[in-house]
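In: Generate coordinates for the sequence data below:
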Amino acid sequence: MSHTVKEAKNNLSELIRLAEKGDPQIIRRHDTEVAVVVSISDWQKTNGRRESLVEFLQKSPLDEIIPFLERSRDLPREVSFE
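Out: Next up, the predicted model:
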């Protein structure tokens, strides 16, 4: 559901109650959507906690293919910077 800033101010308790029930509430300023009221559990699922690079890589399927990757043992090619 969408509300103007004024409506949101006047009905903040109701917006929070609806958000807690899993119904995000959009707030508009001059017909432009500018904010969303969501439950804390929904927020934590999406943006509240960003995983570290280590956590991301640990969940990545790359660990299944990394053992099959081999680094070339060839010497690097000669490069001239002249």
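In: ok, now how distant is His30 from Leu53?
Out: As judged by CB to CB, to the nearest Å, His30 and Leu53 stand 39 Å apart. Yep, even glycine has a C-beta here, placed from its N, CA and C like the rest.
In: for Arg77, same thing?
Out: Taken as CB to CB, the span from Arg77 to Leu53 is 31 Å.
In: do Pro24 as well
Out: Taking CB to CB as the measure, Pro24 falls 29 Å from Leu53.
In: Equivalent analysis for Leu75, please.
Out: Per CB to CB, Leu75 is found 31 Å from Leu53.
In: Of Pro24 and Leu53, which one has the most company?
Out: Applying other CB atoms under 10 Å to Pro24 and Leu53 shows that Pro24 carries more neighbours, namely 14 against 7.
In: need the contact list for the spatially closest residue to that one that is not a sequence neighbour.
Out: Distances taken as CB to CB, 6 or more residues apart in numbering put Val38 closest to Pro24, at 4.7 Å, once the chain neighbours are dropped. Contacts for Val38 (CB atoms under 8 Å, 6 or more residues apart in numbering) come out as Ala19, Pro24, Gln25.
In: Flag every buried residue along whichever strand or helix holds Ile16.
Out: Following DSSP states H and E, one finds Ile16 within helix 12-20. Across helix 12-20, burial judged by 16 or more other CB atoms under 10 Å covers Leu15, Leu18, Ala19.
In: starting at the chain centroid, how far to it?
Out: With CA atoms, centre = their mean, to the nearest Å as the basis, helix 12-20 stands 22 Å off its chain's centre.
In: and it, what does it pack onto?
Out: If contacts are counted by 3 or more CB pairs under 8 Å, 6 or more residues apart in numbering; DSSP states H and E, helix 12-20 sits against strand 25-29, strand 32-37.
In: What's the mean pLDDT across whatever helix or strand Ser41 lives in?
Out: Assigned by DSSP H and E, Ser41 belongs to helix 40-43. Averaged across helix 40-43, pLDDT comes to 85.
In: cool, stretch 7-15 as well?
Out: Average pLDDT, stretch 7-15: 96.
In: C-alpha coordinates for that stretch, PDB please?
Out: Output of stretch 7-15 as PDB, limited to C-alpha atoms (Å, rounded to 0.1, in the frame of the first residue of the first chain):
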ATOM      1  CA  GLU A   7      -0.600  10.200   5.700                       C
ATOM      2  CA  ALA A   8       2.300   8.200   7.000                       C
ATOM      3  CA  LYS A   9       2.900  10.800   9.800                       C
ATOM      4  CA  ASN A  10      -0.700  10.700  10.900                       C
ATOM      5  CA  ASN A  11      -1.000   6.900  10.700                       C
ATOM      6  CA  LEU A  12       2.500   5.700  11.700                       C
ATOM      7  CA  SER A  13       1.300   3.100  14.200                       C
ATOM      8  CA  GLU A  14      -1.000   1.600  11.600                       C
ATOM      9  CA  LEU A  15       1.800   1.500   9.000                       C
END
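In: Alright, calling it a day.
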